[in-house]
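Chemist: need the 3D shape of this:
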Amino acid sequence: MHGSPHIVSDVMTHTVASLDRDAPFKEIVRLMQEWKVSALPIVEGEGTVVGIVSEADLLPKEEFRDNDPDRFTQLRRLADLAKAGAVTAAELMTSPALTVRPNATLAQAARTMAHARVKRLPVVDEQGMLEGIVSRADLLKVFLRDDEEIAEEVRREVVAYLFPAPSSAVRVEVHDGAVKLVGRVRDTSLIPVAARLVRAVEGVVDVDFEPEGQETAGVSSNVRPSLH
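Modeler: Alright, predicted model coming up:
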């Protein structure tokens, strides 16, 4: 099989605003508003990423502006209280920053975001130099792939590989990213394998198999549950 997954550099934002450690609080807010972003990488030297500041890091200053927290709150939210008194990026940032390489697959980036519960990742090279930023929205761009483009990849990378003619006859139908394999196969044990491979094609949102002809009659009820 010859298909290759999209990587972070395919979808990331290459032009990204950043600040240094000494950036003051108001400059951080101003730059976020200007660039319409909710987080900014913090860099030092020639552009090495050392941290990231998000809106969540800034909010404690407003939350505790006119509030004198009780002892329990002080103990429970020491980090937030420290940020409420912070005035520079160095004091506010989360460090070290969670980053991703430009050659990471979208699946790898998505797993990193999900596990860390973050909305974006600075993209850095091998030296940790900032190259861009990738967000959840960027990762979802693969679901904008054209149905025929998806269908062609499924035909080329899955059907031709598992169900070569003339022993099998399987056609591919795609609608709004949902793939349907329709046809006749000799070895029905390959159908769950095909389903896993089809799901790995970027842009696919669902997959189903519809048997056709006597050779697969009665297979559907046994096969479909294993597709998911």
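
Chemist: hmm, who's touching stretch 199-217?
Modeler: Here stretch 199-217 makes contact (C-beta atoms under 8 Å, 6 or more residues apart in numbering) with 3, 5-6, 106, 142-145, 149-150, 153-154, 157-158, 169, 176-186, 188, 191, 194-195, 198, 219-220, 223-224, 227. For glycine as for every other residue, the C-beta is placed from the backbone atoms N, C-alpha and C.

Chemist: filter the residues you listed to the buried ones?
Modeler: 6, 106, 142, 145, 150, 153-154, 157-158, 177, 179-181, 183-185, 191, 194-195, 198, 223-224, 227 (16 or more other C-beta atoms under 10 Å).

Chemist: so of the residues you listed, which ones are in strands?
Modeler: Val179, Lys180, Leu181, Gly183, Arg184 (DSSP state E).

Chemist: so what pLDDT did the closest residue in space to the first one that isn't next to it in sequence get?
Modeler: Closest residue to Val179 apart from its sequence neighbours, by C-beta to C-beta, 6 or more residues apart in numbering: Val207 at 4.6 Å. On pLDDT, Val207 comes in at 96.

Chemist: now do the helix or strand harbouring Val207 against strand 178-184, angle only.
Modeler: Following DSSP states H and E, one finds Val207 within strand 206-211. Here the directions of strand 206-211 and strand 178-184 differ by 20 degrees (axes from the mean of the first three to the mean of the last three C-alpha atoms, to 10 degrees).

Chemist: buried ones in strand 206-211?
Modeler: Within strand 206-211, the residues scored as buried using 16+ other C-beta under 10 Å are Val207, Asp208, Phe209, Glu210, Pro211.

Chemist: could you look up the SS state of Val123?
Modeler: Here Val123 is strand, with the state taken from DSSP: H, G, I helix; E, B strand; the rest coil.

Chemist: distance of it relative to Met113?
Modeler: 12 Å (C-beta to C-beta, to the nearest Å).

Chemist: which of the two has more neighbours?
Modeler: A count of neighbours by other C-beta atoms under 10 Å puts Val123 above the other of Val123 and Met113, at 27 against 19.

Chemist: quickly list what the more buried one is bridged to.
Modeler: Val123 has these beta-bridge partners by DSSP bridges: Val100, Gly132.

Chemist: let me see the contact set for it.
Modeler: Residues near Val123 by C-beta under 8 Å, 6+ apart: Val8, Ser9, Met12, Thr99, Val100, Arg101, Pro102, Leu130, Glu131, Gly132, Ile133, Val134.

Chemist: how many neighbours does the third one have?
Modeler: In other words, Met12. Count around Met12 with other C-beta under 10 Å applied: 22.

Chemist: surely it meets Gly132?
Modeler: Yes: in this structure, Met12 is within contact of Gly132 by C-beta atoms under 8 Å, at 4.2 Å.

Chemist: any residues in contact with both of these two?
Modeler: In contact with both Met12 and Gly132: Pro102, Val123, using C-beta under 8 Å, 6+ apart.

Chemist: ok, and the closest non-adjacent residue to the residue most central in space within the chain?
Modeler: Nearest residue to the geometric centre of the chain (C-alpha atoms, centre = their mean): Ala110, 3.1 Å. Among residues not flanking Ala110 along the chain, Leu139 sits closest, at 5.3 Å (C-beta to C-beta, 6+ apart).
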